[in-house]
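**Student:** Kindly return the folded structure for what I paste below:
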Amino acid sequence: MTVGKDVSALFPDVVNCMQTDNLELKKLVYLYLMNYAKSQPDMAIMAVNTFVKDCEDPNPLIRALAVRTMGCIRVDKITEYLCEPLRKCLKDEDPYVRKTAAVCVAKLHDINAQLVEDQGFLDTLKDLISDSNPMVVANAVAALSEIAESHPSSNLLDLNPQSINKLLTALNECTEWGQIFILDCLANYMPKDDREAQSICERVTPRLSHANSAVVLSAVKVLMKFMEMLSKDLDYYGTLLKKLAPPLVTLLSAEPELQYVALRNINLIVQKRPEILKHEMKVFFVKYNDPIYVKLEKLDIMIRLASQANIAQVLAELKEYATEVDVDFVRKAVRAIGRCAIKVEQSAERCVSTLLDLIQTKVNYVVQEAIVVIKDIFRKYPNKYESVIATLCENLDSLDEPEARAAMIWIVGEYAERIDNADELLESFLEGFHDESTQVQLQLLTAIVKLFLKKPTETQELVQQVLSLATQDSDNPDLRDRGYIYWRLLSTDPVAAKEVVLAEKPLISEETDLIEPTLLDELICYIGTLASVYHKPPSAFVEGSRGVVHKSLPPRTGSSESAESPEAAPSAGQAAEQPAVIPAQGDLLGDLLNLDLGPPVSGPPLAASSVQMGAVDLLGGGLDSLMGDESEGLRSDVGGSPAMGGSGFTAPGPAAPAGMGAPLGSGLGDLFDLTGGVGTLSGSYVAPKTVWLPAMKAKGLEISGTFSRQVDSISMDLVLTNKALQVMSDFAIQFNRNSFGLAPAAPLQVHAPLAPNQSVEISLPLNTVGSVMKMDPLNNLQVAVKNNIDVFYFSTLYPLHILFVEDGKMERQMFLATWKDIPNENEAQFQIKDCSLNADAVSSKLQGSNIFTIAKRNVEGQDMLYQSLKLTNGIWVLAELRIQPSNPSFTLSLKCRAPEVSQYVYQAYDAILKN
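**Tutor:** From the prediction side, this is the model:
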């Protein structure tokens, strides 16, 4: 059996051997039973009597063996026969039997949860937490934790100070696995105040000196969590920080695999509390025989711990690493020097001179990495180290990696006025434009436009050449779009172009790869588990993740977080207060954020009429303002310049001023839409369908749609069109976490496969019980659609009025009290222009979209409507709408405890009233 042969035919004979008194033989028979019971359930019932008998054997080892085997036989028919023996074993006088029975309850719960609850085993398990034997306590905790994980809503481990005290007492006498179970359970407890947190920390601290690294990490997890509740002024807080460093350092003397796990955990700890290890920099210096994965992890932690005090040591060490033989490690070391320059300002000069020394080595990959990081140093310290540009330009020919080429092009474009031959340098890149990667092409386009804006007279042909290459000869939509935008900007308003392209850039921040704070807090709660090694929450990699509970650290003592807005807590808590976490890889369709979705682009697609054929003056007449009088002689020869191939050259028509002044929200579509209009809601407040996912981006699948609300239900109305040559089937849809928890309430049902050139209309019901995460903009929805060909991603903006619920009418008195209660700084005012309705028409039109009029007054000839609406997550919005009969502009004042919602409520008002 153990060597893979099928011996199930001997089942009846082996079962007969169960009656033996020989313990070794009995173990083998039980092992056989576990293996084959599943394939022979009817025969396995023959063994039940022996189990029942063995559970009453005078020898506790046999009783425990019987109950352990019963738990491992996963056959439904047998489970009900096992309840009585299990009940006896849970109350057995021998602790060895009780601890085995505790684990058996968890196994039985996995097979038949209802049976375990009906038989009252869970209550018996809870009683075992008060058992006199520490191992029984540990196993009871482990079993309850296991069951609680698969039923997050049940409050099985009802921890209180008394039960915590029992666990802490048992902690000292358990085996190491028992200690880990108890420590993990303690980490889920929320102390009622800082004194209780401190007392738990004091009793857990001795575990830090345990020989087993898993126990140490579990203890670190408990301490890191409860430290949140301790005031930093306490002496004990400082003592605890000092006590945490030595055990973490000791973990690094283990074998490489354990070192790696320890380093991944330390990486999280250092991001949360760098002060713990700030004096331990030398432990993270790389040893010559460390495997590459340990080296890279140590390097990462060195940079996180770098400070003014130790930067000299760190730089000397990094410079040494940059001469190693391992290419990946050398690259990371050179990057690290750049990150140190950005992090510790006082060291920037030394870092730059170190990088220049490395460039002088002429080792190709070192030079390329150095140029990439010097670009970042220029972004952090403008006008400080530009003297090194000459050295960088000397190495131009040796650059063959896209990132390094793009960085060098950025430097040339950004500092074109300081480089005499900038146009020649950029022209040299332009020769092989189509062979370059997209990153380099985009950078080259921007750099040449910058150069043109700085030296318009000398670079006119160059800019025409690059715009033509980017717009006509390229099939990359990003490149074409950027080319058209620059083209349109330069031809209509070069001053605006100068302001946009040559704008002051914000300084880059110190640490670009820090884990987002809420995710970091969650990962700290998972120290010592796989989540802390992957740096992803369990929901991202646990299959089916039904039992994954999101954990978070307790609120900091004395912090202002809880005091900021007491009223906002219940209503805005869900939608508005949550920071925009970047979640890790999701389960079904992969994470929507992995594909780097940009903000959604609304507005009409490029109209055919907006690109005219013919010899148009590429840069319009707008050059005058850039070049003053010099432009007179140039204006005439731009259109038919030889570089552009004379009159066969295509350019966008002159833009209407309305297009340039369009509000930001109307998206890039407006740059090409010469009428300047933006599609908004129409009909009974349902927006016309717009194309969300064009066929060229989704291998032939085109998705257009809109959102609508009927009584108490929201739906996404989709049209799927197959513009490919093959049949499409197996459709599924998933939303990313979003501000209001929008999620599909049913699967995406396309009943028949979608043949080429066929369309299907689907109304997908939505609910608002999905995961919540604040998006920017607030009404952004990121969607993944899967079919038999691939997974496609797009994002769209939903109108907020689909979330206005039917019971949004507030009582008058309540309205008055709430209006007064919401602070004045939460009030926002907006103008609704070009609306010619009277007050009654406005009121009835808005009521159709669940915006209810509470009262109407006439003050000095103006109609004042007082209105209320309620969002699906319980946020109330109060409104005052001022209407003057002769004036087509209305004034809308909105008050809300979550003021970030107001802008989107105004957009909903505007859309409803104008359609």
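
**Student:** where are the low-confidence patches of this protein?
**Tutor:** Residue ranges of the chain with pLDDT under 70: 1, 152-155, 510-512, 544-549, 556-684.

**Student:** got the domain boundaries for it?
**Tutor:** 1-158, 306-397, 401-492, 690-798, 803-914 (the TED database).

**Student:** Indicate which one of those is closest to Lys287.
**Tutor:** domain 306-397 (11.6 Å; CB to CB). Any C-beta I mention is one placed from the backbone N, CA and C, and that applies to glycine too.

**Student:** can you give me the end-to-end distance of that closest one?
**Tutor:** 34 Å (CA to CA, to the nearest Å).

**Student:** give me the number of residues near the nearest residue to Lys551 once chain neighbours are set aside?
**Tutor:** By the measure of CB to CB, 6 or more residues apart in numbering, the closest residue to Lys551 outside its immediate chain neighbours is Cys525, 3.7 Å from it. By the measure other CB atoms under 10 Å, the count of residues near Cys525 is 20.

**Student:** which residues touch Cys525?
**Tutor:** 187, 221, 225, 551-553 (CB atoms under 8 Å, 6 or more residues apart in numbering).

**Student:** again, only this time at 7 Å
**Tutor:** Applying CB atoms under 7 Å, 6 or more residues apart in numbering to Cys525 gives the contacts 187, 225, 551-553.

**Student:** Give me the subset of those lying in helices.
**Tutor:** Judged by DSSP state H, helices contain the following of the contacts of Cys525: 187, 225.

**Student:** What's the PyMOL line that selects buried ones from the contacts of Cys525?
**Tutor:** The buried residues among these can be selected in PyMOL (16 or more other CB atoms under 10 Å) with this line:
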select buried, resi 187+225+551+553
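
**Student:** Out of the contacts of Cys525, name the two that are farthest from one another.
**Tutor:** Most distant of the contacts of Cys525, by CB to CB, are Ala187 and Ser552, 11.9 Å apart.

**Student:** In space, what's closest to Ser8 - neighbours in sequence excluded?
**Tutor:** Computed as CB to CB, 6+ apart, the closest residue to Ser8 that is not its neighbour in sequence is Tyr36, at 4.8 Å.

**Student:** Next, format the contacts of Cys525 as JSON lines and append distance to Pro382.
**Tutor:** As requested, those are exported to JSON lines (distance: CB to CB, whole Å):
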{"residue": "Ala187", "distance to Pro382": "46"}
{"residue": "Lys225", "distance to Pro382": "42"}
{"residue": "Lys551", "distance to Pro382": "42"}
{"residue": "Ser552", "distance to Pro382": "39"}
{"residue": "Leu553", "distance to Pro382": "38"}
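
**Student:** Go through the contacts of Cys525 and name the one nearest Val901.
**Tutor:** Closest to Val901, out of all of these and judged by CB to CB, is Ser552, at 24.0 Å.

**Student:** how close does that closest one get to Glu228?
**Tutor:** Using CB to CB, to the nearest Å, Ser552 is found at 10 Å from Glu228.

**Student:** swap in Lys5?
**Tutor:** 56 Å.

**Student:** Looking at the two, which is more packed in?
**Tutor:** Using other CB under 10 Å as the criterion, Lys5 and Glu228 rank with Glu228 on top: 18 against 7.

**Student:** these two touch, right, Gln443 and Ala406?
**Tutor:** Yes - with contact defined as CB atoms under 7 Å, Gln443 counts as touching Ala406 (4.2 Å).

**Student:** quick one: Ser704 is in a strand?
**Tutor:** Yes - counting by DSSP: H, G, I helix; E, B strand; the rest coil, one finds Ser704 located in a strand.

**Student:** Identify the bridge partners of it.
**Tutor:** Listed beta-bridge partners, Ser704: Val691, Val719 (assigned using DSSP bridges).

**Student:** What about it, how many residues nearby?
**Tutor:** So Ser704, with other CB under 10 Å, has 17 neighbours.

**Student:** hang on, it packs against Lys689?
**Tutor:** Yes - using CB under 7 Å, Ser704 is in contact with Lys689, at 4.7 Å.

**Student:** what do the two both touch?
**Tutor:** In contact with both Ser704 and Lys689: Val719, using CB under 7 Å, 6+ apart.

**Student:** Leaving out sequence neighbours, find the closest residue to Ala101.
**Tutor:** That would be Cys89: by CB to CB, 6+ apart, it lies 3.9 Å from Ala101.

**Student:** wait, the one you found sits on Ala66?
**Tutor:** No - with contact defined as CB under 7 Å, Cys89 and Ala66 do not form a contacting pair (8.1 Å).

**Student:** shared neighbours, those two?
**Tutor:** Joint contacts of Cys89 and Ala66 (CB under 7 Å, 6+ apart) are Cys55.

**Student:** Next up, the contacts around Leu252.
**Tutor:** Counted by CB under 7 Å, 6+ apart, Leu252 has contacts 259, 262, 283.

**Student:** That one and Lys272, how far apart?
**Tutor:** Distance, Leu252 to Lys272, by CB to CB: 19 Å.

**Student:** what about Leu781, which SS state?
**Tutor:** Reduced to three states by three-state DSSP, Leu781 is strand.

**Student:** residues touching it, list them.
**Tutor:** 735, 738, 742, 795-796, 798.

**Student:** mind listing which of those are in helices?
**Tutor:** Among the contacts of Leu781, DSSP H puts none in helices.

**Student:** Restrict the residues you listed to the buried ones and give me that as a PyMOL selection.
**Tutor:** Here is the PyMOL command that picks out the buried ones among the contacts of Leu781, judged by 16+ other CB under 10 Å:
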select buried, resi 735+738+742+795+796+798
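
**Student:** Going along the chain, name the helices of the stretch 701-850 of the chain.
**Tutor:** Along the stretch 701-850 of the chain, the segments classed as helices by DSSP state H, counting those that start in this stretch run 812-821, 839-847.

**Student:** Compute the number of surrounding residues for the residue lying closest to Gly770 once chain neighbours are set aside.
**Tutor:** The shortest distance from Gly770 to any non-neighbouring residue, by CB to CB, 6+ apart, is to Ala743 (2.9 Å). Residues near Ala743, counting by other CB under 10 Å, number 17.

**Student:** For the residue nearest to Ser8, grab phi and psi.
**Tutor:** phi -110, psi 0 (degrees, to the nearest 10).

**Student:** Please report how far it lies from Val3.
**Tutor:** Computed as CB to CB, the Tyr36 to Val3 distance reads 15 Å.

**Student:** re the thing from before, figure out the helix or strand that the residue nearest to Ala101 lives in.
**Tutor:** Per DSSP states H and E: Cys89 is located in helix 83-90.

**Student:** now that helix: how far from the chain's centre is it?
**Tutor:** Centroid separation for helix 83-90 versus its chain: 47 Å, with CA atoms, centre = their mean, to the nearest Å.
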